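Trainee: coordinates only, sequence not included:
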């Protein structure tokens, strides 16, 4: 396994991996046990990267139909396939695609593959280093390497911090909207009860938007 340009190997005859378990076949030394931990940690951060590479290799040699059939047979989760597709697009159209290190950071800090994919794309667009990506995910906005990390706070007198909070909420809303649209058929396949609940929850956002629009007009701006 290669992660962050470092090759990780398993101690010979120490353990076996299966879909449901990690089984130790002999007693490990502390050094060997820690080595297994590094391997498992690296695997967690690299799985989407591996899936994207596997799909691209399959398309090069066998074509789209064979790859699609294999995905169905292996029962890959839809959200993981979407994330892998996003990584493929980044690799195919840009030379500065996120590295294994970027994928590792996103997988570690993001709540799901949708959020991880969005941050990986932002890392590509903004040319973020892995450390900058880590700081950006924690702050909820793009943070450069020499900038101090900011924690979002609700403070009406601090405009910069207020914007960070609003941007964070906006990103989370977009992630939610994408997920329920692709996975749950929102809004067309939702019943009246669920649609009504979402309408009521979104009502305060619509009211604030209208109030801000009025303020902008009063100040001579355009809505």
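Mentor: Thanks, I have it. Note that the structure is a prediction, hence the values are computed from the model and not measured.
Trainee: contacts, neighbours, all on C-alpha from now
Mentor: Fine.
Trainee: if I look at the residue nearest the centre of the chain, how far off is residue 122?
Mentor: For the chain, the residue nearest the mean C-alpha position is residue 116 (0.7 Å; C-alpha atoms, centre = their mean). From residue 116 over to residue 122 the distance is 10 Å, taken as C-alpha to C-alpha, to the nearest Å.
Trainee: cool, residue 129 as well?
Mentor: Per C-alpha to C-alpha, residue 129 is found 11 Å from residue 122.
Trainee: now the helices: where do they sit in the chain?
Mentor: Assigned by DSSP state H, the chain shows helices spanning 30-62, 64-74, 78-93, 100-109, 113-126, 130-139, 159-184, 192-218.
Trainee: got the contact list for the closest residue to residue 145 other than its chain neighbours?
Mentor: Leaving aside its sequence neighbours, residue 145 sits nearest to residue 132 (C-alpha to C-alpha, 6 or more residues apart in numbering; 5.1 Å). Applying C-alpha atoms under 8 Å, 6 or more residues apart in numbering, we find residue 132 in contact with 142, 143, 144, 145.
Trainee: So residue 27 sits against residue 14, correct?
Mentor: Yes - with contact defined as C-alpha atoms under 8 Å, residue 27 reaches residue 14; the gap is 7.5 Å.
Trainee: re earlier: pull up the gap between the residue nearest to the centre of the chain and residue 170, please.
Mentor: 16 Å.
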